[in-house]
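Trainee: All I have is the shape, not the residue letters:
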């Protein structure tokens with residue numbers, strides 16, 4: 001829970017300083033919660049401003065020139081700086097700055113409305129006392145009390161104070177303190193602390209000492225309880241440590257029921273505007289009695305960024321896990337549970353103009369115990385020259401070059417194999433754009449690739465270095481572009497434009513007659529190694545529906561309302577093959593159809609599919625749908641389908657999200673689901689129900705998920721686990737129980 005006394009201290013500081021003429025602005029959210037660390041600065045606080053001139057008007061004013069005291073009665077109005085105080089009767093001494101307002105004393109500004117029976121203040125020292133006061137702060141916080149006194153710029157004492165964000169005489173909830181002695185940036189000493197809900201006391205603390213920081217503060221965060229059908233009752237507690245302005249840490253303890261206790265650390269630092277980092281670490285000593293032996297599971301994630309001398313950008317990303325995957329089994333995030341591999345790297349990058357130089361070391365390892373693979377690049381050096389004009393000629397050129405030392409492993413235990421190779425690659429490309437008319441253009445390119453390998457990746461003798469050489473060519477023709485403009489009669493979008501753009505392209509990489517012996521020795525580790533023969537023509541035609549939207553009297557904007565693209569390739573190598581009968585040739589690729597549209601604010605539809613006319617079927621499709629009705633209904637759907645081939649099994653996954661808001665009932669309900677159509681089963685689902693009033697809310701979420709648990713001997717089993725979580729929120733204060741779990745899917749609109 002964000003402790004109320006910290007917020008109370010900040011608001012009290014503002015209230016008294018407002019009446020007393022102070023100019024310090026207290027923060028409204030000084031809670032001990034994890035926030036990004038700030039850059040440390042040696043700047044000193046600015047000096048306090050000088051007292052503002054005071055102007056008094058009233059129905060009747062008397063002034064003693066000798067003592068400097070003014071007495072005002074009837075519709076008294078005191079103005080100093082940007083603040084105005086009104087009341088029935090006032091006394092003010094211009095020599096000492098002492099003042100007193102009696103009867104209906106009130107101060108109002110855009111953020112605050114403060115009233116009191118009596119207000120005593122000093123416009124020079126900014127000290128003062130309010131008696132029987134009531135304040136509305138930022139139209140959200142309501143505070144009342146019998147007395148509050150400002151003893152110094154940061155020291156306050158209050159009696160019988162009540163704080164709530166509920167308007168009205170009988171608030172749904174409120175905090176109170178019998179006595180409060182608060183020092184801003186110090187501590188709050190509170191007596192008789194009571195929390196009331198519905199007018200009834202819920203808990204009571206006779207005495208409390210707590211930090212009263214207006215900046216990041218050390219303290220405990222919101223506990224998050226939950227219940228798991230597999231592990232039982234769980235609860236997570238966190239402690240935030242505000243070490244300094246430029247670094248902080250969060251320590252966590254997550255009790256996982258019968259699985260044991262998981263400890264966590266998040267440490268963040270900012271050493272300069274260009275030097276910062278984050279360390280996340282977890283450790284779980286698993287004690288599940290259903291498993292044959294305990295396991296020690298851990299995970300480390302470290303990110304560091306820094307600019308070195310010479311404007312060299314350095315990045316370190318360390319991502320490591322124990323062999324028993326703690327994320328796959330115990331992470332609450334579906335993204336972490338679905339990770340396939342860890343990826344750690346250190347990079348040094350230097351950019352200048354269109355050129356860049358990269359030095360990297362990288363380590364990637366599979367998280368699947370049944371498919372162990374590891375790839376290391378130690379080191380990798382890349383030099384890239386982006387496309388730029390060759391002097392004043394019509395030609396453009398680009399260059400990609402690299403040196404990489406690969407270390408790879410595949411398999412486990414006795415079946416483990418390794419392959420190590422050093423590779424140097426040099427690949428320049430020359431391009432020629434050919435503008436023909438405003439509606440028709442062409443381009444051509446020619447590329448060359450020379451790649452040296454220290455050893456073959458096939459059955460040839462180890463240690464025989466070789467160089468693979470090949471070239472590739474390409475050309476494209478875009479247009480002629482055809483369009484028509486339509487008048488819609490709409491005030492928001494008066495015109496729409498339908499644009500049709502055909503494009504014909506050709507790509508060619510020679511067959512194995514060009515350095516085929518060396519090309520056959522290459523083991524493909526990434527895209528540089530790929531050198532399959534290509535001789536294909538691709539035709540694409542796109543239809544764009546554009547709208548001209550009026551933003552203002554002299555402002556227009558063109559937006560894309562819909563786009564429909566058809567594309568298909570013809571493989572000339574496949575068409576000319578002679579090693580199989582002509583009837584088995586399949587030179588045409590699957591026809592790809594890609595449709596995206598967002599014609600109105602409440603509807604979005606994306607659909608991509610491919611049609612294989614040889615097998616007379618749609619062999620893949622991806623659907624993304626989003627729809628919204630006012631602020632009541634929100635629907636999102638994603639579907640991915642892939643044909644498994646004649647002998648394989650089709651794959652289809654659905655991800656759905658439905659949200660219904662009933663504002664007249666103050667209710668919000670949503671349901672998100674991940675469904676495996678192939679297995680006809682739901683792998684993950686989450687239902688959430690939330691009730692929200694003006695100043696408080698409650699919520700409950702229930703999640704069903706499919707998890708994989710691994711035993712000490714490496715065997716794994718699939719389990720269906722259900723988790724239930726509760727949340728209680730006080731508006732303006734924060735979650736006092738649990739935390740809102742994110743849905744499995746997100747609304748599209």
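Mentor: Received the coordinates, thanks. This is a predicted model, so every value here is computed, not measured. Numbers count the residues shown, from 1 in each chain.
Trainee: burial count for residue 122?
Mentor: The local packing of residue 122 (other Cβ atoms under 10 Å) involves 18 other residues. Bear in mind the C-beta positions are built from the backbone N, C-alpha and C, glycine included.
Trainee: ok, so what distance separates it from residue 54?
Mentor: As defined by Cβ to Cβ, to the nearest Å, residue 122 lies at a distance of 11 Å from residue 54.
Trainee: got the residue ranges for the helices in this structure?
Mentor: In chain order, the chain shows helices spanning 4-20, 326-330, 334-337, 516-519, 572-575, with DSSP state H as the criterion.
Trainee: what sits against the residue nearest to residue 183 when sequence neighbours are not counted?
Mentor: Counting by Cβ to Cβ, 6 or more residues apart in numbering, residue 155 is the residue found nearest to residue 183 once chain neighbours are left out, at 5.1 Å. Contacts were defined as Cβ atoms under 8 Å, 6 or more residues apart in numbering; by that measure residue 155 touches 182, 183, 184.
Trainee: Of the residues you listed, just say which sits nearest to residue 345.
Mentor: Comparing those against residue 345 with Cβ to Cβ places residue 184 closest, at 44.9 Å.
Trainee: Just the pLDDT for the closest one.
Mentor: As predicted, residue 184 sits at a pLDDT of 71.
Trainee: Quick check: it touching residue 151?
Mentor: No: between residue 184 and residue 151 no contact is recorded; they are 11.5 Å apart, counting by Cβ atoms under 8 Å.
Trainee: So if I had to pick from those two, which one is more boxed in?
Mentor: Per other Cβ under 10 Å, whichever of residue 184 and residue 151 has more neighbours is residue 184, with 24 against 14.
Trainee: so where's the stretch 1-150 of the chain uncertain?
Mentor: In the predicted model, the stretch 1-150 of the chain carries pLDDT under 70 at residues 1-52, 80-82, 109-111.
Trainee: Show the residue spans covered by the strands in the stretch 101-250 of the chain.
Mentor: Listed in chain order, the strands of the stretch 101-250 of the chain (DSSP state E, counting those that start in this stretch) span residues 112-122, 128-137, 141-150, 155-164, 173-183, 186-197, 200-212, 219-220, 224-228, 232-244, 247-255.
Trainee: what's the closest of those strands to residue 696?
Mentor: Between residue 696 and these, the shortest separation by Cβ to Cβ is 5.9 Å, and it involves strand 173-183.
Trainee: Next one, pLDDT for the residue nearest to residue 183 please.
Mentor: 81.
Trainee: Same question for residue 162.
Mentor: Per-residue confidence for residue 162 comes out at a pLDDT of 85.
Trainee: cool, and residue 545?
Mentor: For residue 545, the predicted pLDDT is 95.
Trainee: any idea how far it is from residue 490?
Mentor: Per Cβ to Cβ, residue 545 is found 14 Å from residue 490.
Trainee: of those two, who's got more company?
Mentor: Comparing residue 545 with residue 490 by neighbour count (other Cβ under 10 Å), the higher total belongs to residue 545, at 17 against 12.
Trainee: Bridged to that one, which residues?
Mentor: According to DSSP bridges, the partner residues bridging residue 545 are residue 498, residue 562.
Trainee: Roughly how far does it sit from residue 733?
Mentor: Plainly put, residue 545 is 49 Å away from residue 733 if you go by Cβ to Cβ.
Trainee: And residue 457, by the same measure?
Mentor: Residue 457 sits at a distance of 62 Å from residue 733 (criterion: Cβ to Cβ).
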